[in-house]
Structures are given as C-alpha cells and as structure tokens.
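K.L.:
Mind looking at a prediction? Sequence and model below.
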Amino acid sequence: MIPPDATLGQPTDADGPVFAEPWMAQAFALVVQLQRAGHFTWPEWAETLGAELRAAGSDDGSHYYETWLKALERISLAKGLTDLATLDDRTEAWEHAYEHTPHGQPVTL
C-alpha cells in the first residue's frame with residue numbers, strides 16, 4: 001500500500017504514481033515548460049533525448065529519466081539557458097543537501 005502523503009503533488013493513475021520519484025516528474029515538467037516558453041522545439045528535444053538514449057546504450061528502462069536529465073542539461077547548455085559552471089555548482093549543492101538530509105525527509109536546496 002502506498003502511504004497517502006507519498007504521492008502528494010505527483011500525477012497518479014489507478015496503479016499509483018506515474019513517476020517513480022518526484023524528481024522525475026519535475027524534470028519532465030521542466031522540459032515541457034521550457035518548450036512552451038520557446039527555448040527549444042519538440043523536434044530539437046526529441047533529437048537531443050534520442051542522442052542521449054543512443055549514447056546510453058541498452059537499458060531496461062530503469063535509467064530513462066537519468067538520461068532525460070542528461071538531455072535536459074545538454075539542450076540547456078546548447079541553448080545558453082545555463083553554463084557548465086552553474087550546472088557544476090548546482091550539482092555540488094544538490095549532492096551536499098542530499099548527503100545532509102535525514103532519511104525519509106525531502107531534499108531541499
């Protein structure tokens with residue numbers, strides 16, 4: 001049984017959460033919002049994601065959203081939405097927050 005607060009704010013269907021982890025839903029939503037804002041087209045996104053999926057090789061699907069995130073970083077860099085130093089800083093901040101967040105608590109920056 002899924003605890004009632006485990007899916008708070010996440011899209012669900014009859015089987016429970018649509019995304020395995022909240023960050024996956026956030027990464028998905030960020031791509032949708034950036035596309036809607038005109039930062040890239042769907043064909044550009046599809047090409048970028050496809051290239052990352054090809055580079056990742058065979059996968060059972062369990063790493064799909066990790067690849068999605070790599071594609072998001074790649075297209076964000078290519079479109080000048082961020083730079084490598086900012087991504088590195090954010091990654092470091094996230095890792096620090098993750099390592100210092102008590103088990104079972106949401107990670108916040």
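P.N.:
On my side now, so go ahead. Just so you know, these numbers come straight off a predicted model, no measurement behind them.
K.L.:
For this protein, which residue occupies the most central location?
P.N.:
Nearest to the mean C-alpha position of the chain, by CA atoms, centre = their mean, lies Ala27 at 2.9 Å.
K.L.:
Nearest spatial neighbour of that one, chain-adjacent residues omitted?
P.N.:
Spatial nearest neighbour of Ala27, chain neighbours left out: Leu69 (5.2 Å); criterion: CB to CB, 6 or more residues apart in numbering. Heads up, the C-betas are built off the backbone N, CA and C, glycines and all.
K.L.:
Distance check, that neighbour against Gly104.
P.N.:
According to CB to CB, to the nearest Å, Leu69 stands 23 Å off from Gly104.
K.L.:
Those two: which is more packed in?
P.N.:
Leu69 (19 against 5; other CB atoms under 10 Å).
K.L.:
which stretch of helix or strand covers the more buried one?
P.N.:
Per DSSP states H and E: Leu69 is located in helix 64-78.
K.L.:
Show me which positions of that helix end up buried.
P.N.:
Neighbour-count burial for helix 64-78 flags Tyr65, Thr67, Trp68, Leu69, Lys70, Ala71, Leu72, Glu73, Ile75, Ser76 (criterion: 16 or more other CB atoms under 10 Å).
K.L.:
Tell me the pLDDT of the nearest residue to Leu77 once chain neighbours are set aside.
P.N.:
Closest residue to Leu77 apart from its sequence neighbours, by CB to CB, 6+ apart: Leu84 at 6.6 Å. Leu84 is assigned 96 on the pLDDT scale.
K.L.:
Just give the number of residues close to Leu84.
P.N.:
Leu84, neighbours per other CB under 10 Å, totals 9.
K.L.:
Which phi and psi values does it adopt?
P.N.:
When quoted as degrees, to the nearest 10, the phi and psi of Leu84 stand at phi -60, psi -40.
K.L.:
any idea how far Ile75 is from it?
P.N.:
Between Leu84 and Ile75 the computed distance is 14 Å (CB to CB).
K.L.:
re earlier: show me what the helix holding Leu69 is packed up against.
P.N.:
helix 22-36, helix 42-56, helix 84-99 (3 or more CB pairs under 8 Å, 6 or more residues apart in numbering; DSSP states H and E).
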